[in-house]
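> just the structure for this:
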Amino acid sequence: MNSLTQKTLTKRILASSLLATMALVSGAEAANIADTAVKFSGYIKVDAMYTDYSNGEGIGPLRDIYVPSLVQTGATDDNLGGRFDAHAKQSRFRFTTNTPVDGEDVIIGVFELDFLLTSGGDERVANSYTPRMRHAYFKYNNWLVGQTWSTIMDLGALVESVDFIGTTDGVAFTRQPQIRYSNNGFEVALENPETTVGTSETGRITTDDNSVPDLIGTYTMRTSWGHIKVGGILRQLAYETQGENYSDIGLALSLSSRINFSNGDDIRIQAASGSGIGRYVGVNAANGAFLDDEGNFDAVDATAITLAYRHLWTERARTNFIFSALDVDTVSGMVGSRTNDVYSTRINYIYNITKPFSVGLEYTYAKRETVDGFDGDMSRIQAMAKYAF
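Coordinates of the predicted model:
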């Protein structure tokens with residue numbers, strides 16, 4: 001047997017083993033590997049969208065998902081016409097493990113990947129895209145260690161949308177490494193820091209100059225009608241350049257809630273406001289700090305808000321009405337193209353053909369205004385088909 005044949009056979013054996021393992025651990029029942037129960041889950045999601053941009057076609061990820069800061073602005077509309085895009089990049093897979101230890105205790109592990117916002121691949125021939133790590137963490141008793149959603153997020157108040165996030169402008173949305181302690185509704189965490197800075201010459205500098213982690217604390221109260229969550233972020237904003245060290249403190253508060261009605265409808269509210277909140281809201285549409293020409297380094301104030309109403313038509317069909325906005329305080333000297341305020345509104349209809357198979361249609365209108373007073377908007381019709389397993 002020649003070396004080429006051996007390599008081919010080895011690849012086929014490895015591929016067959018992987019497929020067999022995935023088949024073994026998929027589904028409602030978990031498989032066991034030694035003392036550890038392993039479950040494979042995820043979904044396949046295909047999106048198709050037609051978008052009309054007022055000021056130039058969408059750039060980068062805006063062609064796949066809604067990113068507020070990428071809506072192009074200008075003095076006049078360019079009337080280029082619409083653009084059609086389709087992709088399956090949001091599809092994801094997840095491994096969850098459960099290992100008994102010390103009698104009744106367990107360690108839970110989670111590892112999850114998808115294909116959004118990654119390099120590699122194009123639309124010319126194969127549409128092949130590189131996987132990215134979303135979650136990689138484990139939980140033991142009251143402790144969580146690893147990369148997952150920031151503690152400031154309220155997953156129970158997130159709104160169902162056809163778009164990847166849907167409430168992108170006005171919702172806390174961050175994943176990062178952390179260590180978190182939870183007990184009786186209280187959560188406190190130290191999370192990986194990062195500072196984004198604007199200057200009069202540069203729209204954004206990502207510094208990685210922090211010396212301490214971000215401190216986040218939250219409390220969730222659950223009631224018969226839903227829940228309410230309050231939280232706070234205390235963080236260092238740091239930038240070192242040309243031998244100078246700049247630093248300021250960021251402090252922000254958040255409030256979120258889901259209010260359930262007897263007919264199955266609900267209202268979901270999220271709000272966050274403060275200084276230096278930066279990358280925690282609006283997918284980093286605003287910087288955390290600004291360095292002016294006189295050497296003043298200050299946290300940037302911003303306020304984010306989301307309001308959504310979900311109506312159930314039947315057990316299988318629902319509609320979400322969504323408004324989401326971010327307002328950023330203007331600082332003298334900011335680069336004119338930086339976001340001043342941005343908002344989006346959307347309405348969707350989502351229907352489960354069967355429990356794991358859903359389809360949806362959504363209309364989105366978004367508008368962005370920059371520091372220099374220019375604005376731009378986009379209108380999008382997006383359809384999706386999703387199979388969850």
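
> which residues touch stretch 159-166?
With contact meaning Cβ atoms under 8 Å, 6 or more residues apart in numbering, stretch 159-166 is reached by 47, 64-66, 90, 116, 167, 171, 173, 268, 283, 306, 308, 310, 318, 320, 322, 324, 346, 348, 350, 360-362, 364, 382-384. (Each C-beta comes from the backbone N, C-alpha and C, glycine too.)

> typo on my end, it should be stretch 210-220
Here stretch 210-220 has contacts from 150-152, 154, 178, 185-195, 227-236, 238, 254, using Cβ under 8 Å, 6+ apart.

> just to revisit the earlier point, filter the contacts of stretch 159-166 to the buried ones?
Neighbour counting with 16 or more other Cβ atoms under 10 Å marks 47, 64-66, 90, 116, 167, 171, 173, 268, 283, 306, 308, 310, 318, 320, 322, 324, 346, 348, 350, 360, 362, 364, 382, 384 as buried within the contacts of stretch 159-166.

> phi and psi next, for the residue sitting nearest the centre point of the chain.
Central residue of the chain (Cα atoms, centre = their mean): Phe173, 4.6 Å from the mean position. Backbone torsions for Phe173, taken as degrees, to the nearest 10, come to phi -150, psi 100.

> check contacts around it.
153, 165, 280-281, 283.

> can you do 7 Å?
153, 165, 283 (Cβ atoms under 7 Å, 6 or more residues apart in numbering).

> tell me which of those is nearest to Gly295?
Among those, Val283 lies closest to Gly295 (Cβ to Cβ), at 29.4 Å.

> now do the same end-to-end measure for stretch 138-153.
This stretch, stretch 138-153, spans 18 Å end to end (Cα to Cα, to the nearest Å).

> show the average pLDDT along it.
Averaged across stretch 138-153, pLDDT comes to 98.

> any buried residues in that stretch, and which?
138-139, 144, 146-153.

> those in strands, which ones?
138-139, 144, 146-149 (DSSP state E).

> how about a markdown table for those, with distance to Gln242 added?
Putting those into a markdown table (distance: Cβ to Cβ, whole Å) gives the following:
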| residue | distance to Gln242 |
| --- | --- |
| Phe138 | 42 |
| Lys139 | 44 |
| Leu144 | 39 |
| Gly146 | 36 |
| Gln147 | 33 |
| Thr148 | 37 |
| Trp149 | 36 |
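
> and the strands in the stretch 151-300 of the chain?
Remark: strands assigned in the stretch 151-300 of the chain by DSSP state E, counting those that start in this stretch are 175-183, 186-191, 196-199, 205-206, 214-223, 226-241, 244-260, 266-275, 289-291, 297-299.

> Asp341: neighbouring residues, count only.
21 (other Cβ atoms under 10 Å).

> which residues does Asp77 contact?
If you count contacts by Cβ under 7 Å, 6+ apart, then Asp77 has 54-55 around it.

> wait, a strand at it?
No: Asp77 is assigned coil when assessed by DSSP: H, G, I helix; E, B strand; the rest coil, not a strand.
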